[in-house]
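# Predicted model follows, preceded by the sequence.
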Amino acid sequence: MFSGSELEAVLINNGSMRMDMMNNKIAYSQRGVTALGWMIILAMIAFFTLLALRVVPMYLEYSNVVSIMESIKDEAQESKKSKKDLKKMITRRLDMNDVTNATVEDVKFEEKSNKMTVTIEYEVRQPMVKQIGIVGSFNKSVEYTTPAR
């Protein structure tokens, strides 16, 4: 019926056909994401959403602080303001911009010759889950030349 080499060829072909059928079954049965996979994906989405809801407001507030400090720098360069006046301006602007985490107590003044450096350094702590939280440390300095006295 079949010679030795022909029989070998038929067996190899049948064997490879069986392997192809098994591979197709495995590929067909492995489509989609399992329920556990969906739960892991949803948990990751929830975690990063919670993280964004805690971190984004801190940085938005910091951008308000940066704009306040830049405006203070511009105004102070044009006119001769005392530290007390600058503190009042900063307090007023922090209130107007609804900055709650930075206060005028966080502002430091350093004067060297005819240069004034105004620095605000503060920390924001946001709770995440139970005892775990996020800490943001913010620091902004502006330097300007004081008018001649």
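That came in fine, so what should we check first? Numbers count the residues shown, from 1 in each chain.

# how about stretch 70-89: buried residues?
Neighbour counts over stretch 70-89 (16 or more other Cβ atoms under 10 Å) mark I72, K73, A76, K81, L86, K87, M89 as buried. In short, each C-beta sits where N, CA and C put it, glycine included.

# Which strand or helix spans the last one?
Pointing back at M89 there. Per DSSP states H and E, M89 falls inside helix 83-96.

# neighbouring contacts of that helix?
Helix 83-96 has contacts (Cβ atoms under 8 Å, 6 or more residues apart in numbering) with 65, 68, 71-72, 75-76, 81, 102-104, 107, 109, 118, 120.

# can I get the buried residues of stretch 70-89 in JSON lines with distance to G32 and pLDDT?
Shown next, in JSON lines, are the buried residues of stretch 70-89 (distance: Cβ to Cβ, whole Å; pLDDT from 0 to 100):
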{"residue": "I72", "distance to G32": "58", "pLDDT": "88"}
{"residue": "K73", "distance to G32": "58", "pLDDT": "86"}
{"residue": "A76", "distance to G32": "63", "pLDDT": "80"}
{"residue": "K81", "distance to G32": "67", "pLDDT": "77"}
{"residue": "L86", "distance to G32": "63", "pLDDT": "88"}
{"residue": "K87", "distance to G32": "62", "pLDDT": "90"}
{"residue": "M89", "distance to G32": "61", "pLDDT": "91"}
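
# which two in these are spaced the farthest apart?
K73 and K87 (14.6 Å; Cβ to Cβ).
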